[in-house]
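**Q** fold the following.
(one chain, ligands or ions: 2)
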Amino acid sequence: MIKKTVSFSKKSINVFFHILTRCNLRCTHCYINPHEHGTQTLPIDVIENWLCAFMEKSRSANVIFLGGEPTMHPDLPRAVKRARAIGYKSITIDTNGFLFHDFLKKVSPSDIDFLSFSLDGATEETNDQIRGKGVYQTCIKGIKEAVSLGFHTSLIYTVSRTNIHELPLMPPLIEAMGIKRFFIQVIGMRGNSGKENAGDVQVSKKEWLEKIPEVALDTASRGIITTYPKVFLSPEETFECAGIVADNYFIFPNGRVYKCPLCEDFPIHGFSFVNNVLVKTPRINETDLFELTISEGCVMNKLIQPENLVYKKDGTSEHRIACCMLKEEIDPTAKNSR
Ligand code: SF4
Ligand code: SF4
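**A** Ligands and ions are numbered 1, 2, ... in the order given. This next block holds a predicted model:
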């Protein structure tokens, strides 16, 4: 079993494609911001054109279809098949589990590398407090159906003060359901709900370090690849901004394309789709921020989540915050490959 920090690389591209912002749920931590991201459902021909924008590099590109709830888009199966035909290295769909439009009947396991479900509690009570009444049961049903049909599934758990106490209950649940990968996320203060709940729900450094690595290890010991954000850098670790050293694109229905997810609440996107062509936006934009070097680590964290920072008496910061895209991964299968 190998634990490693997944280093950034420009060799592979990640395309996070929000094909609509509409959703049937109203999760308390939702980062979708229709005011900044648009309210339209992208027509299938536009989705196909935008997927083609990465055609040259498609063999090294991973596409993740997102929403809102992407299965609310009636043409998602067609978009998935088009991405496969273009040659994307991997195709993932992030879903809340409702699987609209009989989605599982319109795609096959060979069309999709991972179907990624979101649960924010090990129990109905906690999950539904965050994601809405009845969501737990629907999501579990969706996972079971997907697994029984042979789809590879993963699970995303967004950790907050509301649900951190149930995180240790997740490894046996995930194992019992036959899920292959587990992604632990940290709650961010983005989108409209973030503004309402700011300060109440973010976990402290102590809480994070006490609980998350241990649960990740437990999950991995059950044969499940587990990933969680690095968040805090140790003094000897080098800070790197994914906006500079990685190749990520966060696409929204209004044509905005960001390189950094923390910038998404602001009109500072580095790229846009104009007439189906991906173009750079004029300065000043997010890319100007990536270049700034500060002792606290991530510039955007300091700008929008300064409460994450603690300063010593001499004014220097107690810890540096890693890029939000930097992950620790524990791969239980890596043992055999050595
Ligand atoms: S399922 Fe996703 S898009 Fe929908 S409300 Fe919840 S977090 Fe937002
Ligand atoms: S989260 Fe911070 S470090 Fe990461 S891409 Fe954005 S600005 Fe750069």
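**Q** what about the stretch 201-338 of the chain, any weak spots by pLDDT?
**A** Where the stretch 201-338 of the chain drops to pLDDT under 70, the residues are 335-338.
**Q** so where do the strands sit in it?
**A** Taking DSSP state E, counting those that start in this stretch as the criterion, the stretch 201-338 of the chain carries its strands at 225-229, 232-233, 247-251, 256-258, 271-274, 277-280, 320-321, 327-331.
**Q** with mean neighbour count and distance to ligand 2 added, can I get these in JSON lines?
**A** (C-beta placed from N, C-alpha, C; glycine too.) Shown next, in JSON lines, are the strands of the stretch 201-338 of the chain (neighbours: other C-beta atoms under 10 Å; distance: least, C-beta to the nearest ligand atom, whole Å):
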{"stretch": "strand 225-229", "mean neighbour count": "21", "distance to ligand 2": "10"}
{"stretch": "strand 232-233", "mean neighbour count": "18", "distance to ligand 2": "11"}
{"stretch": "strand 247-251", "mean neighbour count": "22", "distance to ligand 2": "8"}
{"stretch": "strand 256-258", "mean neighbour count": "23", "distance to ligand 2": "9"}
{"stretch": "strand 271-274", "mean neighbour count": "17", "distance to ligand 2": "14"}
{"stretch": "strand 277-280", "mean neighbour count": "12", "distance to ligand 2": "16"}
{"stretch": "strand 320-321", "mean neighbour count": "21", "distance to ligand 2": "8"}
{"stretch": "strand 327-331", "mean neighbour count": "19", "distance to ligand 2": "12"}
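**Q** now those strands in CSV, with distance to Phe65?
**A** Formatted as CSV, those follow (distance: least, C-beta to C-beta, whole Å):
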stretch, distance to Phe65
strand 225-229, 19
strand 232-233, 31
strand 247-251, 10
strand 256-258, 15
strand 271-274, 16
strand 277-280, 18
strand 320-321, 29
strand 327-331, 20
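**Q** quick check: residues of the stretch 101-250 of the chain near ligand 2?
**A** 241-243 (C-beta under 6 Å from any ligand atom).
**Q** is it true that Met325 touches Pro261?
**A** Yes: with contact defined as C-beta atoms under 8 Å, Met325 reaches Pro261; the gap is 7.4 Å.
**Q** with neighbour numbers in mind, choose between these two.
**A** More crowded of Met325 and Pro261, by other C-beta atoms under 10 Å: Met325, with 22 against 18.
**Q** roughly how far apart are the residue lying closest to the more buried one once chain neighbours are set aside and Val63?
**A** Nearest residue to Met325, sequence neighbours excluded (C-beta to C-beta, 6 or more residues apart in numbering): Ala242, at 4.1 Å. Going from Ala242 to Val63 by C-beta to C-beta, to the nearest Å gives 17 Å.
**Q** the more surrounded of these two?
**A** Taking other C-beta under 10 Å, Ala242 and Val63 do not tie; Val63 has more neighbours (27 against 20).
**Q** for the more buried one, what are its contacts?
**A** When contacts are counted by C-beta atoms under 8 Å, 6 or more residues apart in numbering, Val63 touches 15, 17, 51, 54, 83, 88, 90-92.
**Q** could you rerun that using 10 Å?
**A** 13-17, 51, 54, 79-80, 83-84, 86, 88-93, 113, 249, 251 (C-beta atoms under 10 Å, 6 or more residues apart in numbering).
**Q** ok, now Glu264?
**A** Glu264 sits next to 18, 31-33, 36-37, 188, 190-191, 250, 252, 256, 258, 286, 300 when contact means C-beta under 10 Å, 6+ apart.
**Q** residues from the protein in reach of ligand 1?
**A** By C-beta under 6 Å from any ligand atom, the residues of the chain that approach ligand 1 are 23, 25-27, 30, 32, 67-69, 96.
**Q** out of those residues, flag the one nearest to ligand 2.
**A** Distance to ligand 2 across those (C-beta to the nearest ligand atom) is lowest for Ile32, with 17.9 Å.
**Q** for that closest one, which non-adjacent residue is closest in space?
**A** Ile32 sits nearest to Thr21 (C-beta to C-beta, 6+ apart), 5.2 Å away.
**Q** who's in contact with Tyr88?
**A** 13, 15, 51, 54-55, 57-63, 80, 82, 113.
**Q** buried subset of these?
**A** 13, 15, 51, 54, 57-58, 60-63, 80, 82, 113 (16 or more other C-beta atoms under 10 Å).
**Q** want to try TSV for those, with pLDDT and distance to Ile268 as columns?
**A** Below are the buried ones among the contacts of Tyr88 laid out as TSV (pLDDT from 0 to 100; distance: C-beta to C-beta, whole Å):
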residue	pLDDT	distance to Ile268
Ile13	95	21
Val15	97	20
Leu51	98	25
Phe54	95	22
Lys57	91	24
Ser58	88	27
Ser60	94	27
Ala61	96	24
Asn62	96	25
Val63	97	24
Val80	98	31
Arg82	97	30
Asp113	98	32
